[in-house]
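> Coordinates for the following, if possible.
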Amino acid sequence: MHRTHTVIIGGGQAGLAMSRCLTNLGVEHVVLERGRTAERWRSERWDSLRLLSPNWATRLPHWSYRGPDHDGFMTAAAVADHLTAYADSFDAPIEHDRTVHAVRATPDGFVVSESAATWQARNVVLATGWCDLPRVPAVARQLPASVQQWTPNRYRRPADLADGGVLIVGASATGVQLADELARAGRDVVLAVGRHSRMPRRYRGMDIWWWFEQLGTWSRTIDDVADQRGARAEGSVQLVGSPDRRDVDLPSLAERGVQLVGRLVELDGERAVFADDLATTTAAADRRMRRLLGEIDEHIESRHLEREVLEAVRPRRLPATPAASAIDLGRRGVRSVIWATGHRRSYPWLHVPVLDARGEIVHRRGITAVDGLYALGLRFQHRRDSNFIDGVGRDATFLADHIATRRTLSAIH
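Predicted coordinates for the structure are as follows:
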């Protein structure tokens, strides 16, 4: 059995940020990664995917973007290379191709069993992240075998899908990006739209991500939120990090020929039934967007920045047109469904009582009720950006200090 002070499970941005912080504090540890460094960025992303955030917002502890395109958007492959270079920069103690089979508590800490070894550790950090597995609704089981089903972690490019039309369920960032890509490839696309958040890529001459940072949007903590569960389940804003910085929203998709319908409520063989809520959900998203753009305008006015930015131009509204209540997928020629319905977490290997009835880790700022067991990289773990590359470092620093303090107290006693 191998012994170390802390085992970190996951070698993506969360695990590496944690490793860097523990390295700074001189805490012995190991990182267990099921594949290569940043494996999920390498093997579970579609070819054209780029970060929603600009390159300047890829800051990790003692590491940031160092390329020539400061305001551009990294591809998934570039993110994987970025994180690998980060790991190399401090010689992170990563063990690759290590699948964790079990984590159990012992009187001395934890035993972690993985595919190549067993570890005894005082602490364990669960850094498997928020986007662990795709969430597919139970209604998917009603589709006939003649219709292919895809999740974003398996989709790579339009040519992978069967010939014919595509139904995409979910209109957050992933859903609208895939709808845009498939429509540009000449596919007939139907997009089922539920509750979503809309923002322009740029506003008054600046990237919206920069405005979010100026307004303190990302620094909002979970303690500031009335509906904490809802905040953690909220989808990503409708954005795309394209080199041309175009908007990918419902009006642009409708203009490209994508048929917009309401939330999917039922599947009966090849008959898809949709809620009569498209107008309601899009109007609510527009109100939230315009409220935030108004906050940006107030910020500009209060700091006398009118001469430094462009005039305000509000994004266009979606035209009020009737949406279909049902579609016969067979008659429409739809041969593929993509479930862009978010993610779920699964911890079948975690034999420590820290999960709630929904299978989520119960924690406070990443600290669980079981002494020495931590979580990192979860949405709204503390701040709104806790699961972003640019935000996970703050939580890693906090938890590393907590772990180091426990080590010091153990040495005293």
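
> What does L293 show for phi and psi?
phi -60, psi -30 (degrees, to the nearest 10).

> And for the residue nearest to it when sequence neighbours are not counted, the neighbour number?
Distances taken as CB to CB, 6 or more residues apart in numbering put Y203 closest to L293, at 6.2 Å, once the chain neighbours are dropped. (C-beta placed from N, C-alpha, C; glycine too.) Y203: 22 surrounding residues under other CB atoms under 10 Å.

> so Y203 sits right up against L292, yeah?
No: using CB atoms under 8 Å, Y203 makes no contact with L292, being 9.3 Å away.

> mind listing what the residue nearest to L293 touches?
Under the criterion of CB atoms under 8 Å, 6 or more residues apart in numbering, the neighbours of Y203 are W211, L293, I296, A312.

> what's near enough to touch the residue sitting nearest the centre point of the chain?
The centroid of the chain falls nearest to C131 when counting by CA atoms, centre = their mean (5.6 Å). If you count contacts by CB under 8 Å, 6+ apart, C131 has them with R40, H343, N387.

> now R135
For R135, the contact set (CB under 8 Å, 6+ apart) comprises W339, T341, G342, H343, R344.

> same thing with T151?
P134, V136, I338, W339 are the contacts of T151 under CB under 8 Å, 6+ apart.

> how much distance is there from the helix or strand of the chain with the lowest mean pLDDT to the middle of the chain?
When the helices and strands of the chain are scored by mean pLDDT, DSSP states H and E, helix 392-412 comes last with a mean of 83. Remark: helix 392-412 is offset 26 Å from the chain centroid, using CA atoms, centre = their mean, to the nearest Å.

> If you count contacts, what does that helix end up packed against?
helix 13-24, strand 118-126, strand 373-375 (3 or more CB pairs under 8 Å, 6 or more residues apart in numbering; DSSP states H and E).

> State the pLDDT value of T118.
According to the prediction, T118 has pLDDT 98.

> Go ahead and confirm it touches R104.
No: the criterion here is CB under 8 Å, and T118 misses it with R104 at 10.4 Å.

> Find residues that contact each of the two.
Common neighbours of T118 and R104 (CB under 8 Å, 6+ apart) are V111.

> rewinding a little: I'd like the contacts of R135 written out as CSV, with neighbour count and secondary structure added.
CSV is the format used below for those (neighbours: other CB atoms under 10 Å; DSSP: H, G, I helix; E, B strand; the rest coil):
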residue, neighbour count, secondary structure
W339, 23, strand
T341, 23, coil
G342, 20, coil
H343, 18, strand
R344, 15, strand
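
> Looking at those residues, which is nearest R307?
If you rank the contacts of R135 by distance to R307 using CB to CB, G342 comes first, at 42.1 Å.

> With adjacent residues omitted, what lies nearest to that closest one?
Per CB to CB, 6+ apart, closest to G342 is R135, 4.6 Å.

> Any chance of CSV for the contacts of C131, columns distance to E33?
Output for these, formatted as CSV (distance: CB to CB, whole Å):
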residue, distance to E33
R40, 10
H343, 19
N387, 18
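
> Break down the chain into its helices, ranges please.
Using DSSP state H, the helices of the chain run over 13-24, 39-43, 76-89, 173-184, 208-215, 228-233, 250-255, 278-302, 329-332, 392-412.

> so which of those gets nearest H5?
Between the helices of the chain, helix 392-412 lies closest to H5; by CB to CB that is 6.7 Å.

> Tell me which residues of the closest one come out buried.
With burial defined by 16 or more other CB atoms under 10 Å, the residues of helix 392-412 counted as buried are 392-400, 403-404, 406-407.

> Now the two most distant members of the residues you listed.
Taking CB to CB, no two of the buried residues of helix 392-412 sit farther apart than V392 and R407, at 21.9 Å.

> where's R256 relative to S336, distance?
As defined by CB to CB, to the nearest Å, R256 lies at a distance of 18 Å from S336.
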